[in-house]
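Peer 1: my questions concern the predicted model and sequence given below.
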Amino acid sequence: MEHNWNQAPQTIGKPNFENLLAILRKEKPERPTIFEFFLNDRLHKRLAPFSDIEAEKPFATQRQVMWAYHNAGYDHANILIPDFRFPSNRIHGTATISINEGGIIKDWQSFELYDWPDPDLVDYSILDALATELPDGMKLIPYGPNGVLENVIELVGYETLCYMIADDPELVSEIFEKVGSILVRYYQIVSTHPSVGACISNDDWGFKTQTLLSPRQMRTYLFPWHKKIIEVVHQAGKPVILHSCGHFERILDDLSDLGIDGRHSYEDTILPVEQAYELHRNRFAIIGGLDVDFLCRSTPEEVYTRAKAMLTKTAVFGGYALGSGNSIPDYVPDENFFAMIHAALESR
């Protein structure tokens, strides 16, 4: 009988966040487990259709995301706290933006005049609101309004930052310290909430050939702040998933030293997830990994076959959650997304 791949999951079982926790300890979960950073609005509406009345309720968008994750068989739902961000001149919402665009901090004067956000003044009531209807066994996973390096680049501009590192390293240190300390405090606050099961530290560090900064520069300016983020989340008793795109061969030891529990974001052109698992599963959990281009261009049968093979490959030692290499944007066919998660859900 031919499988109808363009069909939302019919049997998802009960959520149990303990499975993802076991994976982040590099252990075997009780059953195949799925993880995703983002879905997309089309899937949110398809998996969790809201009535007009529901759509008018507080935090309707975030509630729909939570139920979409649940109805797709996830043990978690990712959440971004509304209205917490670093104000910038960059125009968001376009398909592609330059990392040189929109820099507003160019010197000491503009640094001093910048209106820095205060994480202690942010409204975190969304966590309480979602907790009231969070399905038993599920947990929320907060992520940041971009990461330390991403926000520095957004505020300064990449090219300007490169010149500034040479011309005024003291100012660079101050900018990283300001951005980093704000994000540390943000994660310190969200990680203590009872509905939170883990945190995602999301910060893209490079492209497919190398990192945006040299390893030495990253050790000087960037890694100390990621280490502090990880430390405060660990102090709350929660694990940390690093979501970071890029070619990381030269900083793998640094990733281990930071103390991350799992790493998310993989590309076949850099290192296929199958190889990443063989090479790095003893360093940290391998999260997701099915290349987004592969998910876009392949047939549902090909997606299912690769996903099933990955689950079989990782069944002995554990430390793996099935998912995409990055996220599920709206140009990934629904049937390919459903084929991927079906490989894990069919055993429930």
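Peer 2: The structure has been received and is ready for your questions.
Peer 1: next one: residue 229 from residue 301, what distance?
Peer 2: Distance of residue 229 to residue 301, given as C-beta to C-beta, to the nearest Å: 41 Å. Just so you know, the C-beta spots here come from the backbone N, C-alpha and C atoms, and that holds for glycine as well.
Peer 1: more neighbours, the two?
Peer 2: residue 229 (27 against 12; other C-beta atoms under 10 Å).
Peer 1: contacts for whatever helix or strand the more buried one lives in?
Peer 2: For residue 229, the element it lies in under DSSP states H and E is helix 223-235. Residues from elsewhere that reach helix 223-235, judged by C-beta atoms under 8 Å, 6 or more residues apart in numbering: 147-148, 176-177, 179-181, 183-184, 187-188, 191, 198-199, 201, 203, 239-240, 242, 254, 257-260.
Peer 1: let's see which of these end up in strands.
Peer 2: If you go by DSSP state E, those have 199, 201, 240, 242 in strands.
Peer 1: most surrounded residue in those residues?
Peer 2: That'd be residue 199 among the ones in strands among the contacts of helix 223-235, by other C-beta under 10 Å, with 27 neighbours.
Peer 1: quick check: the gap between residue 215 and residue 348.
Peer 2: Residue 215 is 43 Å from residue 348, by C-beta to C-beta.
Peer 1: again with residue 190
Peer 2: Distance, residue 190 to residue 348, by C-beta to C-beta: 30 Å.
Peer 1: make sure residue 336 is indeed in a helix.
Peer 2: Yes - counting by DSSP: H, G, I helix; E, B strand; the rest coil, residue 336 falls inside a helix.
Peer 1: list the residues that contact it.
Peer 2: Shown in contact with residue 336 (C-beta under 8 Å, 6+ apart): 5, 295, 296, 298, 299, 300, 303.
Peer 1: where in the chain is pLDDT low?
Peer 2: Counting by pLDDT under 70, the chain contains low-confidence ranges at 1, 90-102.
Peer 1: so where's the longest helix in it?
Peer 2: In the chain, assigned by DSSP state H, the helix with the most residues is helix 169-190.
Peer 1: what residues sit buried inside that helix?
Peer 2: Residues of helix 169-190 classed as buried: 171-172, 175-176, 178-180, 182-190 (neighbour count, 16 or more other C-beta atoms under 10 Å).
Peer 1: closest one to residue 49 out of those, please.
Peer 2: The shortest gap between residue 49 and any of these belongs to residue 190, at 28.6 Å (C-beta to C-beta).
Peer 1: which one is residue 314 nearest to, not counting chain neighbours?
Peer 2: Sequence neighbours aside, residue 320 is the residue nearest to residue 314 in space, at 3.7 Å (criterion: C-beta to C-beta, 6 or more residues apart in numbering).
Peer 1: no further questions, thank you.
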